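Student: model this:
(2 chains)
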Amino acid sequence: MTPIVRFESVTKTFQSGKKTLTAVDAVDLTIERGEIFGVIGYSGAGKSTLVRLINGLERPTSGRVVVDDVDITALSESKLRHVRAKIGMIFQQFNLFRSRTVAGNVAYPLVVAGWPRQKRRERVAELLAFVGLSDKARAYPDQLSGGQKQRVGIARALATSPDLLLADESTSALDPETTQDVLRLLRKVNRELGVTIVVITHEMDVVRAVADRVAVLAEGRVVELGTVFDVFSEPQAPASKSFVSTILRNRPEPADLERLRSRFGGRIVTADVRDGSRIGDVLSDAGGHGVRFEIVYGGITTLQDRSFGSLTLELVGPDDGVDDVIRRLRTVTDVEEVQA
Amino acid sequence: MTTNWDKLRPVLFESIGTTIYMVVITLVVGGLIGLVVGTLLYATRKGGILQNTAAYTVLNILVNIVRPIPFIILLAALGPVTLAVVGRTIGTEAAIFVMIIASSFAIARIVEQNLVTVDPGVIEAARAMGAGPLRIIVTLLIPEALGPLILGYTFVLIGIVDMSAMAGTIGGGGLGDFAIVYGYQRFNWQVTLVATLVIILLVQASQFFGNWLARKALRR
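Tutor: Numbering: from 1, shown residues only, chains lettered A, B, ... in the order given. From the prediction side, this is the model:
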């Protein structure tokens, strides 16, 4: 199957006075049909521009953006409108129409698409039921909570049954609990309706909760791209490492290590934990070599249904015994010794 | 000096009628022209949905030229144009013509300023749905700004009442004319006072009505 979105060396620059700002810098990217694709980056990394290139709200300075096999960079503004009508979009600030009721908001894209009134009414009822807001049809956006507003935003974005949904920082204005609600809804949209979703965020938690693959964006460039598990478990680029460390504090920082070394006299090693790495087996044998161990730091989590994390251990015992335990740990996983 | 109200009363009522007529016509026609020009100013500005630097610059300069001209000067300055369009330079219709010109430009600025306050994110959301500029303006932009727009129009309405009084100087008729001819020029402060009170009443009533309408539009 052909990818739903393809970036071919896309660059987008903005002119502000005499300075040229490169928001998106020679990006090559492919988003597959049916996946939830995360794009993570700090503010100013070019995420918002990147997502707006997909529905033509921004035009690339150079390169091609291909959506559904159509090179949208070549389209006129009026042709682009037809492409946009088939791509849903939700926003950080929801961007609901305050002058319209919830039902009026959800119906708007259908009006644009020229649906007759009766069909619109049926479709709106169906969408509000899907997002769980049937009782709010006649309410105005100002009367809703943040989470409810984003549900309306999602219903509105799905009105014309798009194949692709763009979510621009869609949970950044929400509290953690509401964020989880909205993310659950996005997963439901992906699983039940088969909608491909591009999730733009600066929160690694969001990527971890919903995305299949993730691109890390820094200064307009894709510095890392892979499955969420790969990027989390072995981040390569500095930006990726920093994002991963925001939610996975399983490896001790230098300050933590200093504290550990002052409190524990034995040798300190950090071992990666993965599915199938039999660390327990090695450690349970350690006693036979006269080696005691203590878990002094660590964390294990689940990512895309796989375990992943690390444990920092203090090993106390005769030197050759400790060496032997470390050697056998290395046969089952990656081990890093902290130099005293 | 005693005032013969029996003689003046019909004149006063006619003047009230003329004032209301001038104000309403000006508000409707000038309001529509101002809405169009103001919307164009908003849409053609940099980053607008119909960005067009040339059109914006021309409109902007035009508005800036007409707006600061004191109305009483404009009445005189537009003389030849008024003659060409209305056929005469004095009287109610001539006054209305100049009032429409002056109010159009004032309203254009107010419309532009109120449209600018509409959240650009809302416009972007509509663009993302594939809505075209005209549809966005008519079905979204103006409804979203309706409350402030009504307050803006109410504000202008009072300026128009002010203009209608000044139009008395070219025999425009109405309460201003009445106050000047029967009050000021005859040193009859009673008449001036009554005319002033009626104008205050009209303005108060319009302001209350405008506020009420704006509240309805904002649902607050």
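
Student: only C-alpha atoms from now on, for both contacts and neighbour counts.
Tutor: Noted.

Student: any stretches of chain A with poor pLDDT?
Tutor: Applying pLDDT under 70 to chain A flags residues A:339-340.

Student: which element is the closest residue to chain B within the stretch 1-150 of chain A on?
Tutor: Taking Cα to the nearest Cα, chain B has its nearest neighbour within the stretch 1-150 of chain A at residue A:81, 4.2 Å off. With elements delineated by DSSP states H and E, residue A:81 resides in helix A:77-85, which encompasses its position.

Student: how many other residues sit next to the closest residue in space to the residue of the stretch 1-150 of chain A closest to chain B that isn't next to it in sequence?
Tutor: The spatial neighbour of residue A:81 that comes closest, neighbours along the chain excluded (Cα to Cα, 6 or more residues apart in numbering or on different chains), is residue B:130 at 4.2 Å. Here the count is done by other Cα atoms under 10 Å in any protein chain shown, and residue B:130 has 26 residues near it.

Student: one step back: ok, the residue of the stretch 1-150 of chain A closest to chain B touching residue B:126?
Tutor: No - shown here, residue A:81 and residue B:126 do not form a contact pair, counting by Cα atoms under 8 Å, at 10.4 Å.

Student: okay, the two: which has more neighbours?
Tutor: Neighbours around residue A:81 and residue B:126, counted as other Cα under 10 Å, are more numerous at residue B:126. The numbers are 25 against 21.

Student: please enumerate the strands of the chain.
Tutor: In the absence of a named chain, this looks at chain A. For chain A, the strands defined by DSSP state E occupy A:5-16, A:19-31, A:36-40, A:62-67, A:70-71, A:87-90, A:164-168, A:196-201, A:213-218, A:221-227, A:267-274, A:292-303, A:306-316, A:335-338.

Student: export these to a markdown table and tack on mean neighbour count?
Tutor: As requested, these are exported to a markdown table (neighbours: other Cα atoms under 10 Å in any protein chain shown):
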| stretch | mean neighbour count |
| --- | --- |
| strand A:5-16 | 18 |
| strand A:19-31 | 17 |
| strand A:36-40 | 27 |
| strand A:62-67 | 20 |
| strand A:70-71 | 14 |
| strand A:87-90 | 28 |
| strand A:164-168 | 24 |
| strand A:196-201 | 26 |
| strand A:213-218 | 24 |
| strand A:221-227 | 19 |
| strand A:267-274 | 22 |
| strand A:292-303 | 16 |
| strand A:306-316 | 20 |
| strand A:335-338 | 15 |
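
Student: which one of those lies nearest to residue B:188?
Tutor: strand A:5-16 (63.9 Å; Cα to Cα).

Student: so the closest one versus strand A:196-201, what angle?
Tutor: Comparing the axes of strand A:5-16 and strand A:196-201 via axes from the mean of the first three to the mean of the last three Cα atoms, to 10 degrees yields an angle of 40 degrees.

Student: quick one: strands adjacent to strand A:5-16?
Tutor: For strand A:5-16, sheet partners with direction are given as strand A:19-31 (antiparallel), strand A:62-67 (antiparallel), following DSSP bridges.

Student: for the stretch 51-200 of chain A, what lies in contact range of chain B?
Tutor: Proximity of the stretch 51-200 of chain A to chain B is confined to A:55, A:57, A:78, A:80-90, A:93, A:95-99, A:109, A:112, A:157 under the rule Cα under 8 Å from any Cα of the partner chain.

Student: please redo it, this time with the cut-off set to 7 Å
Tutor: With the criterion set to Cα under 7 Å from any Cα of the partner chain, the stretch 51-200 of chain A comes near chain B through A:81-82, A:84-85, A:89, A:95-99, A:109, A:112.

Student: re the thing from before, is it fair to say the residue nearest to residue A:81 lies in a strand?
Tutor: No - Residue B:130: not assigned to a strand; according to DSSP: H, G, I helix; E, B strand; the rest coil it is coil.

Student: for residue A:55, see how far away it is.
Tutor: Residue B:130 sits 9 Å away from residue A:55 when distances are taken as Cα to Cα, to the nearest Å.

Student: mind putting the strands of chain A into TSV with distance to residue A:128?
Tutor: Below are those laid out as TSV (distance: least, Cα to Cα, whole Å):
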stretch	distance to residue A:128
strand A:5-16	28
strand A:19-31	28
strand A:36-40	23
strand A:62-67	28
strand A:70-71	31
strand A:87-90	16
strand A:164-168	17
strand A:196-201	20
strand A:213-218	29
strand A:221-227	33
strand A:267-274	42
strand A:292-303	31
strand A:306-316	35
strand A:335-338	52
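
Student: out of the ones you listed, nearest to residue B:147?
Tutor: Judged by Cα to Cα, the one of the strands of chain A that comes nearest to residue B:147 is strand A:87-90, at 26.1 Å.

Student: by contact count, what packs against the closest one?
Tutor: When contacts are defined as 3 or more Cα pairs under 7 Å, 6 or more residues apart in numbering or on different chains; DSSP states H and E, strand A:87-90 packs onto helix A:146-158, strand A:164-168.

Student: residues contacting that strand, please?
Tutor: Counting by Cα atoms under 7 Å, 6 or more residues apart in numbering or on different chains, strand A:87-90 makes contact with A:55, A:153-154, A:157-158, A:162-168, A:170, B:128, all of which sit outside it.

Student: return the closest of those with respect to residue A:311.
Tutor: Looking across these and measuring by Cα to Cα, the closest to residue A:311 is residue A:170, at 34.1 Å.

Student: and the closest one, how many residues sit next to it?
Tutor: Look at residue A:170: counted by other Cα under 10 Å, it has 24 neighbours.

Student: ok, it touching residue A:92?
Tutor: Yes - if you go by Cα atoms under 7 Å, residue A:170 and residue A:92 touch, sitting 4.5 Å apart.

Student: for the helix or strand harbouring residue B:204, the distance to its chain's centre please.
Tutor: Assigned by DSSP H and E, residue B:204 falls within helix B:189-218. Its chain's C-alpha centre lies 15 Å from the corresponding centre of helix B:189-218 when counted by Cα atoms, centre = their mean, to the nearest Å.

Student: run through the neighbouring helices and strands of that helix.
Tutor: So helix B:189-218, by 3+ Cα pairs under 7 Å, 6+ apart, packs with helix B:146-166.

Student: get me the contact residues on chain B for chain A.
Tutor: B:121-122, B:125, B:128-131, B:143-144.
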